[in-house]
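Engineer: Here's my sequence, what's the structure:
(3 chains)
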Amino acid sequence: MAIVDPIHQLQFSIEIVATLSFALSGLIAAARKKLDPVGLCMVSGVAAFGGGTLRDILLDRRPFFWIENSYWLWLLLGLVIVAMLLMRGRHLQLTERAIQIPDALGLGLFTALGTQIALEHGLPGIAAVLMGVVTAVFGGVLRDLFCNELPKAFSDHQPYAVFAFLGGGTLVIMNALGVADSIGLIAAFGITALLRVLALLRGWRVPAWRE
Amino acid sequence: MAIVDPIHQLQFSIEIVATLSFALSGLIAAARKKLDPVGLCMVSGVAAFGGGTLRDILLDRRPFFWIENSYWLWLLLGLVIVAMLLMRGRHLQLTERAIQIPDALGLGLFTALGTQIALEHGLPGIAAVLMGVVTAVFGGVLRDLFCNELPKAFSDHQPYAVFAFLGGGTLVIMNALGVADSIGLIAAFGITALLRVLALLRGWRVPAWRE
Amino acid sequence: MAIVDPIHQLQFSIEIVATLSFALSGLIAAARKKLDPVGLCMVSGVAAFGGGTLRDILLDRRPFFWIENSYWLWLLLGLVIVAMLLMRGRHLQLTERAIQIPDALGLGLFTALGTQIALEHGLPGIAAVLMGVVTAVFGGVLRDLFCNELPKAFSDHQPYAVFAFLGGGTLVIMNALGVADSIGLIAAFGITALLRVLALLRGWRVPAWRE
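Structural biologist: You can find the predicted model right below:
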């Protein structure tokens, strides 16, 4: 008998939507650099799974998400084929705007899950937060490296990874205070995603180093 | 008493020739970017062994080929020294042409071996194919990253990794059908290398995303 | 009762000074590329710990230095905050000159420690030397990759990694001759650091490939 579990249902739905939006960010970056179909696939895949994969390499953790759930590789291939057939240059900017909210949800979810996994591996608080940031942000960083661009997450002066630090920090503190994991995860997710959405709406900027 | 094993003899010969041609592709890329001798060595080494090393990191597999067979590091050092003494700017393009066929053999061999190793590690089919592609192609991708260039394998619109996908896919399907490993390996190698040679002779291109 | 151990005290002091100077090299590179605070932190961290982390991934060795000693992550964060408050554009070149000597000490120390660790993991001599080079040099290489620059260590024609090869080679040879580890470590450190300082003072260059 299947037990209805709305929280996990919701998590699963966000995971799908967010992973697809990460993949689309890779597809857009690759299309802008005029990469060929192999490049479109690879950069989409790196954007979608690079962060979690890097975290798992650092934690020496296997199997990777995309090996355990290898149907995702088929999904990604399908996404790129559909995009090559239907998406045109004029759609790139529109797609980029459309994925902003799912991307913010992904930032929150992957930060929370990455930090939690690192805590379960016994990492000290600040290193666990860093693993949350790596999970959520380094897919995009690797995407930009493969596209021979300065990583956006390091250079666009928009608050993005900063919120992952705050969200991951929240989870670590709640964990240290003995709060239930599920509450900590929801708080970390909520704070990160909410702040990111607010930053998009209000056009917040991170302070620049004054030269 | 040594048993004569022509298949393994042949495999070993192709492995040497192909690895040297991968190393030379790194040397040429490094020379074009005016790297110093350290850069020439490192980029040659990454081009030759980066793909297999990345595959082994992803599969959590040790020891690496170049640690188990560390004489290869001496060979590589010798190659760079000889090249610095003898190779001049006018030889670069010639060398590039001369290594096209051994490079195609390497594409076939490393795709087949990488896919097979991944299957033996229990990876699902599509992930095993991806590991074959990583083995054969990511040495070149890392070479281009270290040279601060857009990866050729993602951007030159020549079919290269595409044939690795096809060859690896052939091996996975034959494996699933219960065909003997040796037959599957030879088929994967043959299809990948042959298609690559045909693509070079005929000037095939992969379809571009229509903007 | 604490036992006074001047050698380890000295090693520990050099480690701190050298790691901070590696981090500062990342901070300078990031500031020159106008990265935001997240970029400043990440590139500083990669410059400081990237080499040892890559070595540990290659050797399949855990925990990483910065996870076992996670106070270093706080130190790094503090360093970036202080730098953002106090450092200005006109200080960059001065800082760069000020860290040349500690950087040379770090080159020596991390080469020696990295080579020693690789020998203890059973690596053959030339691979152990390479691991020493990776430890000492690849933090800077990864720093430059994240800044979308050609790696300085491969392209500036200053002898740097070359001395790491010589120092690591010294350690391997002394190890093979049965010399005590501590003597080998000191010799490798001394030769590498001294040659680097001499190269800075005399303006030595590595030979270029003649086109």
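Engineer: pLDDT score for the residue of chain A found nearest chain B?
Structural biologist: The nearest approach of chain A to chain B comes at A:Gly39, 2.9 Å away (CB to the nearest CB). C-betas here are computed from N, CA, C, even on glycine. Here, the pLDDT recorded for A:Gly39 equals 97.
Engineer: Contact partners for it?
Structural biologist: A:Gly39 is in contact with A:Ala30, A:Lys33, A:Phe146, B:Pro151, B:Ala153, B:Phe154, B:Ser155, counting by CB atoms under 8 Å, 6 or more residues apart in numbering or on different chains.
Engineer: Can you name the next helix or strand after whichever strand or helix holds A:Asn175?
Structural biologist: Assigned by DSSP states H and E, A:Asn175 belongs to helix A:161-176. Later in the chain than helix A:161-176, the nearest helix or strand by DSSP H and E is helix A:181-202.
Engineer: So what's the model's average confidence on that next one?
Structural biologist: Rounded mean pLDDT across helix A:181-202 is 97.
Engineer: Would you mark the buried spots in it?
Structural biologist: Buried residues in helix A:181-202, counting neighbours by 16 or more other CB atoms under 10 Å in any protein chain shown, are found at A:184-189, A:191-193, A:195-197, A:199-200.
Engineer: Correct me if wrong: A:Ile117 contacts A:Gly52.
Structural biologist: No - A:Ile117 lies out of contact with A:Gly52 (CB atoms under 8 Å); the separation is 9.0 Å.
Engineer: Any chance you could list residues touching both of those two?
Structural biologist: Here A:Ile117 and A:Gly52 share the contacting residues A:Thr135, scored by CB under 8 Å, 6+ apart.
Engineer: between those two, which one's more packed in?
Structural biologist: A direct count of neighbours by other CB atoms under 10 Å in any protein chain shown for A:Ile117 and A:Gly52 places A:Gly52 higher, at 24 against 19.
Engineer: dump the residue contacts of the more buried one.
Structural biologist: With CB under 8 Å, 6+ apart, A:Gly52 has these contacts: A:Phe64, A:Phe65, A:Phe110, A:Gly114, A:Thr135, A:Gly139.
Engineer: which stretch of helix or strand covers it?
Structural biologist: Per DSSP H and E, A:Gly52 falls inside helix A:37-59.
Engineer: Quick check: next helix or strand after that helix?
Structural biologist: helix A:65-68.
Engineer: by contact count, what packs against that next one?
Structural biologist: Here helix A:65-68 touches helix A:37-59, helix A:71-86, going by 3 or more CB pairs under 8 Å, 6 or more residues apart in numbering or on different chains; DSSP states H and E.
Engineer: Buried residues of the helix or strand following the last one, list them for me.
Structural biologist: Which is helix A:71-86. Next in sequence after helix A:71-86, counting helices and strands by DSSP H and E, comes helix A:92-98. Neighbour-count burial for helix A:92-98 flags A:Leu92, A:Thr95 (criterion: 16+ other CB under 10 Å).
Engineer: Show me what the host helix or strand of A:Phe12 is packed against.
Structural biologist: For A:Phe12, the element it lies in under DSSP H and E is helix A:6-32. Applying 3+ CB pairs under 8 Å, 6+ apart, one finds that helix A:6-32 makes contact with helix A:37-59, helix A:71-86, helix A:92-98, helix A:100-120, helix A:125-146.
Engineer: give me every residue that touches the nearest residue to A:Leu130 once chain neighbours are set aside.
Structural biologist: What sits nearest to A:Leu130 in space, not counting adjacent residues and going by CB to CB, 6 or more residues apart in numbering or on different chains, is C:Leu73, at 6.6 Å. Going by CB under 8 Å, 6+ apart, C:Leu73 touches A:Ile126, A:Ala127, A:Leu130, C:Gly45, C:Trp66.
Engineer: Let me have those residues in a markdown table, extended by pLDDT.
Structural biologist: Formatted as a markdown table, the entries for those read as follows, by pLDDT from 0 to 100:
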| residue | pLDDT |
| --- | --- |
| A:Ile126 | 98 |
| A:Ala127 | 98 |
| A:Leu130 | 98 |
| C:Gly45 | 98 |
| C:Trp66 | 97 |
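Engineer: Just the closest of those residues to A:Val82, please.
Structural biologist: Nearest to A:Val82 among the contacts of C:Leu73: A:Leu130, at 35.6 Å, using CB to CB.
Engineer: didn't A:Met174 look like it was pressed against A:Ala187?
Structural biologist: Yes - between A:Met174 and A:Ala187 there is a contact under CB under 8 Å: 6.1 Å.
Engineer: hmm, back to that, would you tell me which of the helices and strands packed on helix A:65-68 gets closest to C:Pro6?
Structural biologist: Proximity to C:Pro6 (CB to CB) singles out helix A:37-59 among those, at 35.0 Å.
Engineer: returning to that earlier point: least confident of the helices and strands packed on helix A:6-32, on average?
Structural biologist: Lowest mean pLDDT of these: helix A:92-98, a mean of 91.
Engineer: for that one, packing partners?
Structural biologist: Checking 3+ CB pairs under 8 Å, 6+ apart, helix A:92-98 ends up next to helix A:6-32.
Engineer: Now do the helix it packs on and helix A:37-59, the angle between them.
Structural biologist: Between the axes of helix A:6-32 and helix A:37-59, defined by axes from the mean of the first three to the mean of the last three CA atoms, to 10 degrees, the angle is 130 degrees.
Engineer: quick revisit: counting neighbours, which bits of the helix holding A:Asn175 end up buried?
Structural biologist: Going by neighbour count (16+ other CB under 10 Å), the buried part of helix A:161-176 is A:161-172, A:174-175.
Engineer: What's the local residue count around A:Phe65?
Structural biologist: Neighbours of A:Phe65 using other CB under 10 Å come to 15.
Engineer: what's the spacing between it and A:Glu15?
Structural biologist: 9 Å (CB to CB, to the nearest Å).
Engineer: Same question for A:Ala83.
Structural biologist: Taking CB to CB, one finds A:Ala83 at 20 Å from A:Glu15.
Engineer: more crowded one of these two?
Structural biologist: Using other CB under 10 Å as the criterion, A:Ala83 and A:Glu15 rank with A:Ala83 on top: 21 against 16.
Engineer: which non-adjacent residue is nearest that one?
Structural biologist: Using CB to CB, 6+ apart and skipping the chain neighbours, the partner closest in space to A:Ala83 is A:Leu27 (5.5 Å).
Engineer: residues contacting the residue nearest the centre of chain A?
Structural biologist: Centroid-nearest residue in chain A: A:Ala136, 3.7 Å away (criterion: CA atoms, centre = their mean). A:Ala136 makes contact with A:Gly51, A:Gly106, A:Leu107, A:Gly108, A:Phe110, A:Thr111, A:Gly114, A:Ala161, A:Ala164, A:Thr192, according to CB under 8 Å, 6+ apart.
Engineer: got a markdown table for the contacts of A:Gly39, with neighbour count too?
Structural biologist: Shown next, in a markdown table, are the contacts of A:Gly39 (neighbours: other CB atoms under 10 Å in any protein chain shown):
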| residue | neighbour count |
| --- | --- |
| A:Ala30 | 29 |
| A:Lys33 | 17 |
| A:Phe146 | 26 |
| B:Pro151 | 26 |
| B:Ala153 | 25 |
| B:Phe154 | 27 |
| B:Ser155 | 20 |
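Engineer: Specify which member of those residues is nearest to chain C.
Structural biologist: Set against chain C, the nearest of those by CB to the nearest CB is A:Phe146 (11.0 Å).
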